[in-house]
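A.B. asks: mind folding the following:
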Amino acid sequence: MQKFLIVTADDFGLHEAVNEAVEQASRTGVLTAASLMVAAPAAADAIRRARALPQLRVGLHVVLADGRAMLAPDLIPALADSSGRMNSRMFANGVRFFALPGVRRQLEAEIRAQFSAFARTGLELDHVNVHKHFHLHPTLLDMLLRIGREYGVSAVRVPDEPLWFAAHGGNWRSGVGAALLKPWIALMKRRLRAAQMAHNDRIFGVGASGAMDEAKLLAVLARLPPGVTEIYLHPAVRSGSAIAESMSEYRHADELAALLSPRVRAAIAAGGFGHGGYADAVSSRLTRNTRTGA
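C.D. replies: Residues are numbered from 1 along each chain as shown. As a prediction, the model looks like this:
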């Protein structure tokens, strides 16, 4: 089976330093895709840059935690505070999403508003994923698929990271976390197959979020298995809390350097991998869904 590689920058639109890194990595590096936060502070700048980067595949990075909402706060009081910001209490919020119909109605309205905002950009929708992989929640995944269909979604990210990488460098906490998520990942893949929705086979970047440097990219590329692999990063020309308070430990500039690395570029060329965005993988009939017989 052919190897296909998608290299994605998340949080496109969060900060102009992120947007500048995405542009650099798309023009002169190995970046093939970006996930756009449509309500983030620098979203307009990101959209302007994306329109000038026809080779960059752009998807929607739905934000339902630790970020700014699209709708006005008075329309979604169960989701956002008076400034329009959604908190990071994902477990408690996940319980509310499951148990409270009124909260679900607000959640559905916010998801629809973010899809609608992306549609207004005029950019082709390459994929959808959710900030902090919140779409592992079955209720959110159901809404994402149902609403996404209306906006032409054809591919969804699955955050299935191989255990060898999740525990890379003795990071056993991430390894255990990845193992505990396996039943939810399996359920997610079953639901995507039932919905005939394309998805990646695996991903790299979950356990090392904010620390995907050159060495880690080279380690992944040296062991890249057949099928569709997504590597996602958080590049920026500045690092840490300058981008966001919740990212004080993130090494954004190191991740940008990895995307621009001649060694990484050479490893991809030597591997002979197909590469691009989800749309390119779909056109190659490599992504997993029922149409490909997976």
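
A.B. asks: how about the nearest residue to residue 191, chain neighbours excluded?
C.D. replies: Excluding the flanking residues, the one nearest residue 191 by Cβ to Cβ, 6 or more residues apart in numbering is residue 141, at 6.2 Å. Quick note: C-beta positions are derived from backbone N, CA and C, even for glycine.

A.B. asks: what's the neighbour count on that neighbour?
C.D. replies: Counted with other Cβ atoms under 10 Å, residues neighbouring residue 141 total 21.

A.B. asks: which helix or strand lies directly C-terminal to the lowest-mean-pLDDT helix or strand in the chain?
C.D. replies: Counting by mean pLDDT, DSSP states H and E, the weakest-scoring helix or strand in the chain turns out to be helix 172-194, with a mean of 80. Using DSSP states H and E, the helix or strand that follows helix 172-194 in sequence is strand 198-199.

A.B. asks: buried residues, the next helix or strand after that following strand. List them.
C.D. replies: Later in the chain than strand 198-199, the nearest helix or strand by DSSP H and E is strand 202-204. Applying a neighbour-count criterion of 16 or more other Cβ atoms under 10 Å, one finds 202, 203, 204 buried in strand 202-204.

A.B. asks: let me know the closest of those to residue 69.
C.D. replies: Lowest distance from residue 69 to these (Cβ to Cβ) belongs to residue 203, with 25.9 Å.

A.B. asks: need the pLDDT of that closest one.
C.D. replies: pLDDT recorded at residue 203 is 96.

A.B. asks: adjust the sequence numbering to begin at 660 for everything that follows.
C.D. replies: Right, with 660 as the first residue, what we last looked at is residue 862.

A.B. asks: contact partners of the host helix or strand of residue 681?
C.D. replies: Assessed by DSSP H and E, residue 681 sits inside helix 675-687. With contact meaning Cβ atoms under 8 Å, 6 or more residues apart in numbering, helix 675-687 is reached by 668, 670-672, 690-691, 693, 701, 704-705, 708, 712, 714-715, 893-897, 901-902, 911, 915, 918-919.

A.B. asks: out of these, which sit inside helices?
C.D. replies: If you go by DSSP state H, these have 704, 705, 708, 911, 915, 918, 919 in helices.

A.B. asks: residues contacting the third one?
C.D. replies: When the contact criterion is Cβ under 8 Å, 6+ apart, the partners of residue 708 are 678, 681, 682.
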